[in-house]
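Participant: Pasting the sequence and the predicted model now:
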Amino acid sequence: MLLALAQPGTQLSIKPWTGSDLQVTTGAAAKYRLEIAGKPNASLRLRAVGVAQGWLAAFCTPKLCSPQHIEMQLPASGSAVVQFELIRESNDSPKRSGATITDDDGASVSVPSAYRG
């Protein structure tokens, strides 16, 4: 598990997705569990950077997947889980891509390189 700290109380961690896929996700993606912890009810904006050309990063909740970024509010518990995906869009795209997930306050976490041949 990778963990990153930024502003006091903001934490992002990433690990492989386990369990059932969300209904809105694709089977062709590399899937990760993005755990977010911070101030209860805080508004966050997360974005994926460093994604290889021809790959798409998506932040998925049970209701929708948002490409490249997501704006969300943490619940009263101060923690949330989002399914993060890396999707290779064509056979001409590089076979590997990683990413870095960042927020506006400086928290970041590196996503391990995914392979899709």
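Facilitator: Good, I have the coordinates. All figures in this text were calculated on a predicted structure; none of them were measured in a lab.
Participant: Go ahead and list the helix or strand containing the residue sitting nearest the centre point of the chain.
Facilitator: Nearest to the mean C-alpha position of the chain, by CA atoms, centre = their mean, lies F84 at 3.5 Å. Assigned by DSSP states H and E, F84 belongs to strand 79-88.
Participant: Give me the residues contacting the helix or strand just after that strand.
Facilitator: Downstream of strand 79-88, the first helix or strand assigned by DSSP H and E is strand 96-103. Outside of strand 96-103, the residues within contact range by CB atoms under 8 Å, 6 or more residues apart in numbering are 6, 10, 12, 14, 34, 44-52, 55, 57, 84, 86, 88, 108-115. Just so you know, the C-beta spots here come from the backbone N, C-alpha and C atoms, and that holds for glycine as well.
Participant: Which of these are buried, as a ChimeraX select command?
Facilitator: Buried subset of the contacts of strand 96-103, written as a ChimeraX selection, criterion 16 or more other CB atoms under 10 Å:
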select :6,10,12,14,34,44,46,47,48,51,52,55,57,84,86,88,109,111,114
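Participant: Excluding chain neighbours, what is closest to the residue of the chain positioned farthest from its centre?
Facilitator: Distance from the C-alpha centroid of the chain, by CA atoms, centre = their mean, peaks at D92 (23.8 Å). Spatial nearest neighbour of D92, excluding adjacent residues (CB to CB, 6 or more residues apart in numbering): G54 at 6.5 Å.
Participant: coming back round to it: thought the residue farthest from the centre of the chain was touching Q53?
Facilitator: No - using CB atoms under 8 Å, D92 makes no contact with Q53, being 9.6 Å away.
Participant: where do the helices sit along the chain?
Facilitator: Counting by DSSP state H, one finds no helices in the chain.
Participant: Strands of the protein, start to end?
Facilitator: 2-5, 11-16, 30-37, 43-49, 55-60, 65-67, 69-73, 79-88, 96-103, 108-115 (DSSP state E).
Participant: Same list, those, but as JSON lines with distance to L22 please.
Facilitator: What follows is the strands of the chain, written out as JSON lines (distance: least, CB to CB, whole Å):
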{"stretch": "strand 2-5", "distance to L22": "21"}
{"stretch": "strand 11-16", "distance to L22": "15"}
{"stretch": "strand 30-37", "distance to L22": "9"}
{"stretch": "strand 43-49", "distance to L22": "17"}
{"stretch": "strand 55-60", "distance to L22": "5"}
{"stretch": "strand 65-67", "distance to L22": "8"}
{"stretch": "strand 69-73", "distance to L22": "13"}
{"stretch": "strand 79-88", "distance to L22": "5"}
{"stretch": "strand 96-103", "distance to L22": "17"}
{"stretch": "strand 108-115", "distance to L22": "17"}
